[in-house]
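Engineer: Based on what follows, work out the 3D shape:
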Amino acid sequence: MLKTRLINATLAACSMAFALPSMAQSIKWDMPTAYPATNFHTVNISQFAKDVDQATGGKLKITVHSNASLFKANEIKRAVQGGQAQVGEIILSGYQNEWQVFGADGLPFVADSYEEAERLYKAQKPVLDRKLAEQGLKLLFSVPWPPQGLYSSKPVNSAADLKGSKWRAYSPATSRIAELVGAQPVTVQAAELAQALATGAVETNMTSAVTGVDSKFFDAGVKFYYDMQAWLPKNAVLVNQAAFSALDKAAQEAVVKAAAAAEARGWQESKKVNESAKATLQKNKISIEAPSTQLKADMQRVGSSMLLEWLSKAGADGKEIIDAFNKK
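Structural biologist: Now for the predicted structure:
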């Protein structure tokens with residue numbers, strides 16, 4: 001009888017010993033993003049992942065998959081919704097066709113400075129939160145790209161000079177700009193942009209100075225950057241709500257706190273890299289120029305048309321955002 005009890009106790013101890021590693025295992029999240037590891041957004045996200053790891057004592061580990069290595073840019077939102085990835089980064093305006101409000105910050109000359117972009121974000125966020133909750137998603141934080149400018153291999157003095165050019169589009173709004181100026185929109189994601197420029201598949205595009213550096217526009221025949229400061233599109237980090245809810249309260253609080261820090265840090269870093277990226281472009285023989293009076297007037301007319309179109313499609317949600325944004 002004593003022998004049997006000893007055997008049972010030994011078996012129980014062995015069973016507990018084998019169970020301990022699984023009990024102590026950390027939760028692992030995959031986090032896809034479309035941008036290079038050196039991009040300021042990705043650097044910020046990597047720091048967010050480290051902060052979460054540290055704050056949870058290693059209980060929650062987030063693996064960042066940069067440069068569209070896990071999912072392509074346009075696949076990330078669906079992957080997070082479906083649980084193939086627990087958290088991911090998207091550019092909001094890329095999903096405007098799904099829901100117009102996603103494209104609010106891609107409208108030219110509505111919010112054309114960091115201060116204006118922050119006001120627009122505050123107006124947009126409550127509406128975003130409602131919609132994302134319906135989709136089983138939660139917005140953790142959002143960081144803007146630097147103001148968008150116009151790149152070209154040839155001088156551009158007015159919108160007429162863009163007619164017929166192959167224009168890189170990364171969102172419905174950038175496609176619509178191309179249509180309104182008579183350019184030919186070509187959908188190209190950030191990870192494929194350098195090759196598209198080098199092969200002539202893209203000739204003109206509006207994006208940030210940072211993207212110009214990331215994709216080495218100066219090695220692809222681009223000669224001019226017109227500092228339009230047309231809009232500041234935001235990237236958003238979304239988490240699958242079910243994955244977030246499965247965390248214990250302490251881990252949830254750690255994620256939310258790290259996200260708030262990442263948002264504040266990201267906005268400041270965006271301002272810094274905007275200036276350093278323009279200096280890098282200039283150092284590499286891309287001429288940084290202010291847009292001509294005619295070019296700016298032409299593009300502002302495009303922006304006005306697009307705002308009216310957007311409001312007609314965005315309905316009550318769009319009106320709520322613009323009304324809140326216009327309140328000083």
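Engineer: which phi and psi does Gly88 have?
Structural biologist: phi -160, psi 170 (degrees, to the nearest 10).
Engineer: next one: Ala104
Structural biologist: phi -60, psi -40.
Engineer: I figured it hits Gln124, correct?
Structural biologist: Yes: under the criterion of C-beta atoms under 8 Å, Ala104 makes contact with Gln124 at 5.1 Å. Bear in mind the C-beta positions are built from the backbone N, C-alpha and C, glycine included.
Engineer: Between those two, tell me which one has more neighbours.
Structural biologist: Taking other C-beta atoms under 10 Å, Ala104 and Gln124 do not tie; Ala104 has more neighbours (30 against 25).
Engineer: what comes into contact with the strand or helix carrying His41?
Structural biologist: Using DSSP states H and E, His41 falls within helix 40-55. With contact meaning C-beta atoms under 8 Å, 6 or more residues apart in numbering, helix 40-55 is reached by 31, 33, 35-37, 60-64, 66, 89, 141, 143, 145, 210, 235, 237, 254-255, 257-259, 261-262, 265-266, 269-270, 273.
Engineer: again with stretch 81-91
Structural biologist: 29-35, 41, 45, 62, 70-71, 73, 76-77, 79-80, 135-137, 140, 145, 170-171, 233-240, 242-243.
Engineer: How far away from the center of its chain is that stretch?
Structural biologist: Mean-position distance between stretch 81-91 and its chain equals 12 Å (C-alpha atoms, centre = their mean, to the nearest Å).
Engineer: Stretch 63-71 too?
Structural biologist: On C-alpha atoms, centre = their mean, the centre of stretch 63-71 falls 13 Å from the chain's centre.
Engineer: Now it: buried residues?
Structural biologist: For stretch 63-71, burial by neighbour count (16 or more other C-beta atoms under 10 Å) applies to Val64, His65, Ser66, Asn67, Ala68, Leu70, Phe71.
Engineer: what does stretch 241-248 give?
Structural biologist: For stretch 241-248, using 16+ other C-beta under 10 Å, the buried residues are Gln241, Ala243, Phe244, Leu247.
Engineer: likewise stretch 121-135?
Structural biologist: Tyr121, Ala123, Gln124, Val127, Leu128, Leu132.
Engineer: got CSV for the residues you listed, with distance to Met306, pLDDT and secondary structure too?
Structural biologist: Below are the buried residues of stretch 121-135 laid out as CSV (distance: C-beta to C-beta, whole Å; pLDDT from 0 to 100; DSSP: H, G, I helix; E, B strand; the rest coil):
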residue, distance to Met306, pLDDT, secondary structure
Tyr121, 19, 98, helix
Ala123, 18, 97, helix
Gln124, 16, 97, helix
Val127, 19, 97, helix
Leu128, 20, 97, helix
Leu132, 24, 98, helix
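Engineer: ok, Glu320 touching Lys125?
Structural biologist: No: Glu320 is beyond contact range of Lys125, at 11.5 Å (criterion: C-beta under 8 Å).
Engineer: anything in contact with each of Ala104 and Gln124?
Structural biologist: With C-beta under 8 Å, 6+ apart, Ala104 and Gln124 have common neighbours Ile321.
Engineer: Between its first and last residues, how far does stretch 54-71 reach?
Structural biologist: 26 Å (C-alpha to C-alpha, to the nearest Å).
Engineer: picking that back up, among the contacts of helix 40-55, which are located in helices?
Structural biologist: 210, 254-255, 257-259, 261-262, 265-266, 269-270, 273 (DSSP state H).
Engineer: tell me the two of those that are most distant?
Structural biologist: Farthest pair in the ones in helices among the contacts of helix 40-55 (C-beta to C-beta) is Val210 and Ala254. Separation: 29.1 Å.
Engineer: Give me the spatial nearest neighbour of Asn67, chain neighbours excluded.
Structural biologist: Excluding the flanking residues, the one nearest Asn67 by C-beta to C-beta, 6 or more residues apart in numbering is Pro36, at 5.1 Å.
Engineer: Could you measure from the residue positioned nearest the centre of the chain over to Thr42?
Structural biologist: In the chain, the residue lying closest to the centroid (C-alpha atoms, centre = their mean) is Asn235, at 2.2 Å. The gap separating Asn235 from Thr42 is 10 Å, by C-beta to C-beta, to the nearest Å.
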